[in-house]
Every structure is written in C-alpha cells, then in structure tokens.
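Novice: Build me a model from this:
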Amino acid sequence: MAYIAGVTFRDVPPGGPGGGDPEPSDAELVRAHVAGDPEAFGELVRRHRDRLWAVALRTTGDREEAADAVQDALLSAHRAAASFRGDSAVTTWLHRIVVNACLDRLRRRRAHPTVPLPDGSRDDQPTGPEPVAPTPDQDTVLLVRDALAALPVDQRAAIVLVDVQGYGVAEAAEMLGIAEGTVKSRCARGRARMALSLRELRDGHSDSGHDGNRTGGGDVPSRSSGTVTSPPTGRERRDQR
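Specialist: Below is the predicted model of the structure:
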C-alpha cells in the first residue's frame, strides 16, 4: 500500500475541513502542496475522491483494479504536482491521470490475461442468497455493465466520461489527451457496439427463460443508474485475500 503525505486514498475521510475559514481553491491547494503543506494534498483527495473512484470503477469494471489505479494515479499526481501549469482545471488534470492509470492496467491485463478465482473480491459477487430472478431494472443494469465491459478500452473510457459521468466532449478530450472529434467518434462507435451487444445479450436472456419486456435502444445509463460502491478499505482487501 503506497502512502501519500502520510495517508492513502482510502484513509481520507469524507466531509469538509474544520474551522470557519474559506476553503482554498483546488489550484491553491496544489500550490500549497508544492510549497510543502503536508495537509494540502489530502484535502484535494477528499474533494475529488468520489468522482475519481467512480470513473476508475466504471472504466476498469473491477474494484481491485479501480482501487489500485486510483492509488497509482494519486501517487503520480502527488509527485508531479510541481509540473502542473494551470492550463486546465485541477479536476481535469486529476481525471486525466486516473484515466491513464486505468487504461494502462486494462492494456496490461489484456496483454497478460488471468482467470480470477471466485474469492468474493469482486463487487458483483452475491453476499447473500441469490434472488429467484432479477427485477427488470437490475437486469438492465447488468446487461449495460456487460456491454460496457466488452468495449475496446479507448471507447469505454470515452463513454464513461461523456455518457456515464456527464462530462462535456471538450472536457473529456482534455482528460484523455485527444481531439474532440476523436472523443465524438469513439463515443459513436462505442454506442453502436453497445446497442448491438445489448440486443444480443437481451436475446440470450430471453432464450434462457426471461420473460421481461424487451425494449429497443442501447443507451448508456446516466450516473444515477446503478450504484457505485465505495472503495474497499485496507482491512476489507486483506480479508478478501
């Protein structure tokens, strides 16, 4: 477990800082961190950890990979803060580092595939008795998640930022370090592939005995669809192993 200024990503508690002083801006926190303030980076993590975690989890589709990617990204940001020139928002800078960390892990995983053991470490493992059949909404969430996971990593990253997290094309382009037109084309190709995958997955579920109403369209759900769980604590990850 890597430590950043005495804390890890999972150790930073939610909630604002104490006291009644006005909160410094993100850019001011970066400058304070570079100047040697030991608490500035932890406050920056506290502000943005939830969205960074959500992007990492949606992009990797795996709690362990997402937690490790965010930890790697924050360690990189902590070390490279002095090189931040302020040409973009701090949130954009942090998201770019997190997305790159996720894509690096996904590419390494595809280059060296492994078969995960059923140890209960994934967030989609049941923690209690399975229901007889999922509700239509749960079924849709699972289908969309499977379709998203099947996309090429570059298309998945664009879809996650634009369609799931709700960033504009210009913001997503800056986070990904690519042209806006490239974001648009990746989203368009990703949506088309997801529509096809969703149709095939629904057909498969229907053939398996699901009688739920089948609706057309392969839209990616908004950030309110499904629940993004909190990152595992160090103890939880040790228990899982």
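
Novice: what bits of the protein have low per-residue confidence?
Specialist: 1-21, 111-139, 204-241 (pLDDT under 70).

Novice: got the residue ranges for the helices in it?
Specialist: For the chain, the helices defined by DSSP state H occupy 26-35, 40-60, 63-80, 90-111, 136-149, 153-159, 169-176, 180-207, 234-240.

Novice: Pick the most deeply packed of these.
Specialist: Ranked by mean neighbour count, these are led by helix 153-159 with a mean of 23 (mean count of other Cβ atoms under 10 Å). In this view, the C-beta of every residue, glycine as well, is placed from N, C-alpha and C.

Novice: contact partners of that helix?
Specialist: The contact list for helix 153-159 (Cβ atoms under 8 Å, 6 or more residues apart in numbering) reads 59, 99, 102-103, 106-107, 110, 148-149, 151, 172, 176, 183, 186-187, 189-191, 193-194, 220.

Novice: does Ala173 really touch Cys187, like I thought?
Specialist: No: the pair Ala173 / Cys187 is not scored as a contact, 10.8 Å apart, by Cβ atoms under 8 Å.

Novice: Tell me which residues touch Leu52, please.
Specialist: Taking Cβ under 8 Å, 6+ apart as the definition, contacts of Leu52 comprise 70, 73-74, 94-95, 98.

Novice: swap that for Ala80, sorry
Specialist: Ile97.

Novice: Val30 versus that one, what's the distance?
Specialist: 10 Å (Cβ to Cβ, to the nearest Å).

Novice: Likewise for Glu180?
Specialist: Distance from Glu180 to Val30, by Cβ to Cβ: 26 Å.

Novice: go on, Glu39?
Specialist: For Glu39, the distance to Val30 - Cβ to Cβ - is 13 Å.

Novice: For Arg107, give me its contacts.
Specialist: Contacts of Arg107 (Cβ under 8 Å, 6+ apart): Val153.

Novice: how close does it get to Ala192?
Specialist: 23 Å.

Novice: Repeat that for Glu180.
Specialist: Counting by Cβ to Cβ, the gap from Glu180 to Ala192 is 19 Å.

Novice: repeat for Glu28
Specialist: 43 Å.

Novice: now do Ser83
Specialist: Counting by Cβ to Cβ, the gap from Ser83 to Ala192 is 38 Å.
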